[in-house]
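Q: Next input, structure requested:
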Amino acid sequence: MGDEGKIRVLIAKPGLDGHDRGAKVIARALRDAGMEVIYTGLRQTPEMITEAALQEDVDVVGLSILSGAHLALVPRIRDMMNANGLNDVPLLVGGIIPDDDKPTLAAIGVDGVFGPGTNTEHIVAYIHNLMASKGANSVP
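A: Here you go, the predicted model:
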């Protein structure tokens, strides 16, 4: 965990999707809950996301994908994270993800999928529970 015991979360927008309102709403909710949030901005490549996760020493990576490219992008990001020693860093995905694709994402190592309209308090609690299950102190 980051300085002062805060959970550090990277929020990234992979691919060509140009809509970031949802990612910004989540980033703000996590900050309001006492987490440290690094937002990478729009149109990030898997390489850029992995590099940011490494450099920022994050506890969780959250991806926001509305473009429908999740089955192409998420496996590449998880593979790159694993290849760079980030296999123990939980990967969360938010956006428009069909229910049929959720088992595929889980099988490649996605720890949680959140659709549009998910209550931000639910996401905050989910991250706290993830960190607690890893043995980290999830109290800000």
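
Q: can you give me the helices for this protein?
A: 21-32, 46-56, 70-83, 102-107, 120-133 (DSSP state H).

Q: Out of those helices, flag the one nearest L92.
A: helix 120-133 (7.6 Å; Cβ to Cβ). C-betas here are computed from N, CA, C, even on glycine.

Q: returning to that earlier point: turn the helices of the chain into a markdown table, columns for mean neighbour count, mean pLDDT and distance to I96.
A: Below are the helices of the chain laid out as a markdown table (neighbours: other Cβ atoms under 10 Å; pLDDT from 0 to 100; distance: least, Cβ to Cβ, whole Å):
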| stretch | mean neighbour count | mean pLDDT | distance to I96 |
| --- | --- | --- | --- |
| helix 21-32 | 17 | 93 | 10 |
| helix 46-56 | 18 | 97 | 19 |
| helix 70-83 | 18 | 96 | 8 |
| helix 102-107 | 13 | 97 | 12 |
| helix 120-133 | 16 | 96 | 16 |
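
Q: can you redo the ones you listed as a markdown table with distance to A12?
A: Formatted as a markdown table, the helices of the chain follow (distance: least, Cβ to Cβ, whole Å):
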| stretch | distance to A12 |
| --- | --- |
| helix 21-32 | 8 |
| helix 46-56 | 5 |
| helix 70-83 | 8 |
| helix 102-107 | 16 |
| helix 120-133 | 15 |
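
Q: closest one to I38 among these?
A: So among the helices of the chain, helix 46-56 is nearest, using Cβ to Cβ, at 4.9 Å.

Q: All set now, cheers.
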